[in-house]
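I would like the atomic coordinates for the input below:
(chains A, B, C and D)
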Number of protein chains: 2
Amino acid sequence: MTTRDTYRHGNLRHALIAAGVELARAGGPDAVVLREATRRAGVVPNAAYRHFTDRRALLSAVSQAALAHLARAMEHTLAQAASDEVNQSAAQAASRPGADTTSLSADAAPDAAATAAHARLRALMRGYLGFAQAEPGLFRAAFATTEMADTDAEAATGAGGRTAFRMLADALDELTACGAVPPERRPGSEYFVWATVHGMATLLIDGPLRHMLPTQVEEAVAQVMEAVGRGL
Amino acid sequence: MTTRDTYRHGNLRHALIAAGVELARAGGPDAVVLREATRRAGVVPNAAYRHFTDRRALLSAVSQAALAHLARAMEHTLAQAASDEVNQSAAQAASRPGADTTSLSADAAPDAAATAAHARLRALMRGYLGFAQAEPGLFRAAFATTEMADTDAEAATGAGGRTAFRMLADALDELTACGAVPPERRPGSEYFVWATVHGMATLLIDGPLRHMLPTQVEEAVAQVMEAVGRGL
DNA sequence: GCATGGATGTGGATGCCGTCCACATCTGGC
DNA sequence: GCCAGATGTGGACGGCATCCACATCCATGC
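Residues are numbered from 1 along each chain as shown, chains lettered A, B, ... in the order given. Predicted coordinates for the structure are as follows:
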């Protein structure tokens, strides 16, 4: 379509990954077909082998990109929760005239920091689950590669430079720091949280909850998130 | 190898599923290749189409078989836990001479039933995770089909006629019956448990915990199971 | 006892896919 | 301005899923 005036400088690599992401979005990891990606990039199949040793290598790059999308979705819900918190605190302050609006944590209940940290963790879980539901193909592709240990690799991060897994871990650190989680339970707790949220995601997009009504889904998700909170 | 003296009577169907299970065991769902399965059954590729409309249909049947294997593994650990419990109770009774050995739940602590029910749930979770680790290819194949809602289908059960999911639900019912889980939290709690244990399984076989030492794995698993218990 | 029709397996072909090898072309550094 | 290495092209191979037409077999009904 658009003139490509040569693919030097590694443009083809990016074009192939972008095409692969679209394929994954529409059909999951199995739909990431090397020949189709090259076709969309307006190039002959073999050209891909100058940038990826394998189909698996292309899929792996697509997977990284998908993980980055996941991380961005979580950043988004996290930021949203933060602004909600500010608004809510402001409203509280407004309803209590004379309170100091600038020190948010000091004027609230003693464990305001803990509830805020809990809200952040919940926001991250919501972001994770929301992404899985909004982009099931991308979500599956993100975890399709057996070498998914690269969850913490370079290209799999959001705008803030953190991976999805890292964001969960950081939220747990915050919970521990403000005393909401006993320190002796902190190590390894990201596995619990990640496992639960990831399992819930697969339950929602591939499992028995697949065709539930949105309200029922919402209820099940809320219930699971509460159980996670109790389990920490 | 063995003479087949005709495949009438649907023998070929079973032969193909068996071959598919072996392929899945060795290489996961993608390794379930229709032509290879027919080759192993000593038959021409097209013969498969008399019994399965599709490659996907074959994979689906293999998936059911894999789910049955999972259910059997869980039945096994459950039975083991039951016998352990008997032995332990017997030992307790022996150390307390004069106690009645025949009524196990009556002579123990007030919540003996609850601890036993907890032990059963833990045994099921161990069975789930153990199967995933012992047979990762089969485990992945079990959940490869998008239509995995058939988790509660005919052929996916163990010897006792229950699916893996059902066994978890029954254990939760027992926990509720003996008061270990508040009744208002019971509905939907199987999603929490299943999600956590399933997510943990994928973490163990595909994720960052993949190359952990067995002792570390054991510790992480124990920790997650405790968190589940708290979360219920 | 035997014909017949539906179920089951065979043969051959098509089109897509991943991947390999040899060749063309472009481009940055000398 | 030339050359070497990087990049894209052309053509080919074997494997796969799937389709159509044909062969064979077995149970059923006469």
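
point out where chain A drops to low pLDDT.
A:1-10, A:85-110, A:146-154 (pLDDT under 70).

alongside chain B, which residues does chain A contribute?
A:143, A:146, A:148-149, A:151-152, A:165, A:185, A:188-189, A:191-192, A:194-200, A:202-203, A:206-210, A:219-220, A:223-224, A:227-232 (CB under 8 Å from any CB of the partner chain). All C-beta spots, glycine's among them, are computed from the backbone N, C-alpha and C.

try 6 Å this time
Proximity of chain A to chain B is assessed by CB under 6 Å from any CB of the partner chain, with A:146, A:148-149, A:188, A:191-192, A:195-196, A:198-200, A:203, A:206, A:208, A:220, A:223-224, A:227, A:230-231 identified as the residues in range.

give me the buried subset of those residues.
Applying 16 or more other CB atoms under 10 Å in any protein chain shown to the residues of chain A next to chain B, the neighbour count classes A:148, A:188, A:191-192, A:195-196, A:198-200, A:203, A:206, A:208, A:220, A:223-224, A:227, A:231 as buried.

what about the residues you listed, which are in helices?
Counted as lying in helices by DSSP state H, out of those, are A:191-192, A:195-196, A:198-200, A:203, A:220, A:223-224, A:227, A:231.

Throw the residues you listed into a markdown table and include distance to B:Ala132, thanks.
A markdown table is the format used below for those (distance: CB to CB, whole Å):
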| residue | distance to B:Ala132 |
| --- | --- |
| A:Tyr191 | 14 |
| A:Phe192 | 16 |
| A:Ala195 | 12 |
| A:Thr196 | 16 |
| A:His198 | 14 |
| A:Gly199 | 12 |
| A:Met200 | 17 |
| A:Leu203 | 16 |
| A:Ala220 | 23 |
| A:Gln223 | 25 |
| A:Val224 | 20 |
| A:Ala227 | 21 |
| A:Gly231 | 20 |
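
identify the farthest-apart pair in these.
By the measure CB to CB, A:Tyr191 and A:Ala220 form the most distant pair in those, at 21.8 Å.

name the element A:Val43 belongs to?
In the assignment (DSSP states H and E), A:Val43 maps to no helix and no strand.

count of neighbours near it?
As a burial measure, the neighbour count of A:Val43 was computed by other CB atoms under 10 Å in any protein chain shown and equals 18.

ramachandran angles for it?
In terms of degrees, to the nearest 10, the main-chain angles of A:Val43 are phi -140, psi 160.

pull the number of nearby residues for the nearest residue to it once chain neighbours are set aside.
For A:Val43, the nearest residue in space outside its immediate sequence neighbours is A:Leu12; the separation is 6.4 Å by CB to CB, 6 or more residues apart in numbering or on different chains. Burial of A:Leu12, expressed as a neighbour count using other CB under 10 Å, amounts to 20.

likewise for A:Ala123?
One way to gauge burial is a neighbour count; for A:Ala123, by other CB under 10 Å, it gives 23.

show me the contacts for the spatially most central residue of chain A.
What sits nearest the mean C-alpha location of chain A, by CA atoms, centre = their mean, is A:Leu70, with 3.1 Å. A:Leu70 makes contacts with A:Phe131, A:Ala142, A:Ala164, as judged by CB atoms under 6 Å, 6 or more residues apart in numbering or on different chains.

and DNA strand C, is the longest helix anywhere in chain A touching that?
In chain A, ranked by residue count with DSSP H as the criterion, the top helix is helix A:55-95. Yes: Helix A:55-95 comes into contact with DNA strand C (CB under 7 Å from any atom of the strand), by way of A:Arg55, A:Arg56.

would you mind pulling the contact partners of stretch A:162-174?
Contacts for stretch A:162-174 (CB under 6 Å, 6+ apart): A:70-71, A:74, A:117, A:120-121, A:124, A:151-152, A:156-157, A:189-190, A:193-194.

buried sites along that stretch?
The neighbour-count criterion (16+ other CB under 10 Å) identifies A:Arg162, A:Thr163, A:Ala164, A:Phe165, A:Arg166, A:Met167, A:Leu168, A:Ala169, A:Asp170, A:Ala171, A:Leu172, A:Glu174 as the buried residues of stretch A:162-174.

now do stretch A:111-119
Residues of stretch A:111-119 classed as buried: A:Ala112, A:Ala113, A:Ala114, A:Ala116, A:Ala117, A:His118, A:Ala119 (neighbour count, 16+ other CB under 10 Å).

just the ones of the residues you listed in helices?
The helices, defined by DSSP H, take in A:Ala112, A:Ala113, A:Ala114, A:Ala116, A:Ala117, A:His118, A:Ala119 from the buried residues of stretch A:111-119.

of those residues, closest to DNA strand C?
For DNA strand C, the nearest member of those is A:Ala119. The distance, counting by CB to the nearest atom of the strand, is 43.4 Å.
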